[in-house]
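Visitor: Sequence plus predicted model, see below.
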Amino acid sequence: MADGINFVSTWHFIREGQLQTDTEAMLMPGEQVLGVYQTVRDQAVFTDKRLIVRDAQGITGKKVEIFSLPWKSVQMWSTENSGKVFDIDTELELWTLIGTIKINLNRAIDIRKIDQLVSQAVLG
């Protein structure tokens with residue numbers, strides 16, 4: 001980590017979803033959405049340029065924090081599938097200069113599709 005920074009953030013998404021209006025408004029002209037995953041209130045948007053995470057906070061969810069991670073910041077990533085009956089999640093982990101971002105996904109979400117999205121965005 002650069003200068004001792006050790007930022008770690010974790011989110012959990014349970015299904016594919018539809019793009020939220022406030023997240024859609026952040027997209028640059030020509031930026032392509034590759035996949036959208038969500039919980040009841042939160043959302044991860046994979047585009048060809050970045051990962052956008054919409055984190056609704058508080059009881060009402062009206063306060064929203066939006067993270068934008070450009071793919072060029074990703075130095076390495078790993079995915080882990082759910083291998084056992086009692087293992088309910090798959091995982092995507094992204095390493096950046098400022099720390100690690102971990103996304104837990106319901107095992108119903110195709111982790112190999114996520115592998116393709118990240119590969120296309122980082123390497124393409």
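Guide: Perfect, I can see it now. Computed from a predicted model, the values in this text were never measured in an experiment.

Visitor: CA only for contacts and neighbour counts going forward, please
Guide: Fine.

Visitor: right, and the helix or strand after the helix or strand where Thr90 lies?
Guide: Here Thr90, judged by DSSP states H and E, is contained in strand 89-96. Next helix or strand after strand 89-96 toward the C-terminus (DSSP H and E): strand 99-106.

Visitor: In its sheet, which strands sit next to that next one, and in what direction?
Guide: Sheet pairing here is set by DSSP bridges, and for strand 99-106 it gives strand 7-13 (parallel), strand 89-96 (antiparallel).

Visitor: Run through the residues that contact the closest residue to Trp71 other than its chain neighbours.
Guide: Leaving aside its sequence neighbours, Trp71 sits nearest to Arg50 (Cα to Cα, 6 or more residues apart in numbering; 4.9 Å). Residues near Arg50 by Cα atoms under 8 Å, 6 or more residues apart in numbering: Ser68, Leu69, Pro70, Trp71, Ala121.

Visitor: List only those of those flagged as buried.
Guide: Neighbour counting with 16 or more other Cα atoms under 10 Å marks Leu69, Pro70, Trp71, Ala121 as buried within the contacts of Arg50.

Visitor: Save those residues as TSV, and put in secondary structure, pLDDT and distance to Thr39 too.
Guide: Formatted as TSV, the buried ones among the contacts of Arg50 follow (DSSP: H, G, I helix; E, B strand; the rest coil; pLDDT from 0 to 100; distance: Cα to Cα, whole Å):
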residue	secondary structure	pLDDT	distance to Thr39
Leu69	strand	92	19
Pro70	strand	94	22
Trp71	helix	95	23
Ala121	helix	90	23
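
Visitor: so can I have a markdown table of the strands paired with strand 99-106 showing mean pLDDT and distance to Gln20?
Guide: Formatted as a markdown table, these follow (pLDDT from 0 to 100; distance: least, Cα to Cα, whole Å):
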| stretch | mean pLDDT | distance to Gln20 |
| --- | --- | --- |
| strand 7-13 | 74 | 15 |
| strand 89-96 | 89 | 22 |
